[in-house]
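Student: here is my input, please return the structure:
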Amino acid sequence: MQTVILCGGEGTRMGKELNGLPKALFLIGDKPILWHIMKYYATFGFNEFLLCLGYKPEEIIRYFKDCKEFKVKFIDTGLHTNTGGRIRKAERFISGRTFFATYGDGLSDINLDSLLRFHKKHGKIASLTTVRPHSAFGIVGIDPHTSAVTHFEEKPVLDHWINGGFFVFEKEVAGYLKDSDILERESFARLLKAKQICAYKHKGFWRCMDTYKDNLELNEIWKEGMAKWKKW
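Tutor: Numbers count the residues shown, from 1 in each chain. Presented below is the predicted three-dimensional model:
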């Protein structure tokens, strides 16, 4: 099976530290986050990748063109193309009926074999992994009767589920995509209307590198030997 990785965004929320570098090439330890994602898939035997490029594609091509660990195809999907459009443009390079897809900035210890079994069991066109994120802020407990503070809780796990990436799609998903689509909006809305999307609940480790602060935290996790995505 192939894995489509969406790594074409500019990563503007990384701030000035981006310094012209694609976000997917930001290092965790001595390797880019994109390498960590690919290495994780490879540990499950999924070693073939379609990289959907946009912002400074030459930088990602330069890093991975001579890489012997993975089988990589580079697809320039355009600088301003949205996520749904990037997958649509990659569709003609997908050889099998079923494929993985994920973002180029998320790490997890999800069991990809279990995700694939879940997808095949439900028989839908799309399966997405859902996760429960940590609150961005500490929580204050308040007594509803006296307004007294009862406790503090530092960035707890929230009760609701969000899209954590790590998708499995049937190739027929192309019929639900348009070049202008944001995958998480228009594309998923069409799949939802057709009752062709299921949610796989992952309760383990998941982190998205959305900001430079996230990058620092992931590096600290790596340095401390606590990287739960490190299965190799």
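Student: what separation do you get for residue 218 and residue 152?
Tutor: The span separating residue 218 from residue 152 equals 26 Å under the rule CB to CB, to the nearest Å. To be clear about C-beta, it is placed using only N, CA and C from the backbone, and glycine gets the same treatment.
Student: likewise residue 143?
Tutor: The spacing between residue 143 and residue 152, counted by CB to CB, is 14 Å.
Student: please apply the same query to residue 221.
Tutor: Going from residue 221 to residue 152 by CB to CB gives 24 Å.
Student: more neighbours: those two, which one.
Tutor: Per other CB atoms under 10 Å, whichever of residue 221 and residue 152 has more neighbours is residue 221, with 18 against 9.
Student: could you confirm the more buried one falls within a helix?
Tutor: Yes: counting by DSSP: H, G, I helix; E, B strand; the rest coil, residue 221 is located in a helix.
Student: for the closest residue to it other than its chain neighbours, give me its contacts.
Tutor: In this structure, residue 221 finds its nearest non-sequential neighbour in residue 227, 5.5 Å apart by CB to CB, 6 or more residues apart in numbering. Taking CB atoms under 8 Å, 6 or more residues apart in numbering, we find residue 227 in contact with 28, 107, 218, 221.
Student: let's go with 10 Å and repeat that
Tutor: Taking CB atoms under 10 Å, 6 or more residues apart in numbering as the criterion, residue 227 is in contact with 28-29, 36, 107, 109, 205, 207, 218-219, 221.
Student: among those, which ones are buried?
Tutor: Buried residues within these, counting neighbours by 16 or more other CB atoms under 10 Å: 28, 36, 107, 207, 218-219, 221.
Student: so which one among those has the lowest pLDDT?
Tutor: In terms of pLDDT, the least confident member of these is residue 207, at 93.
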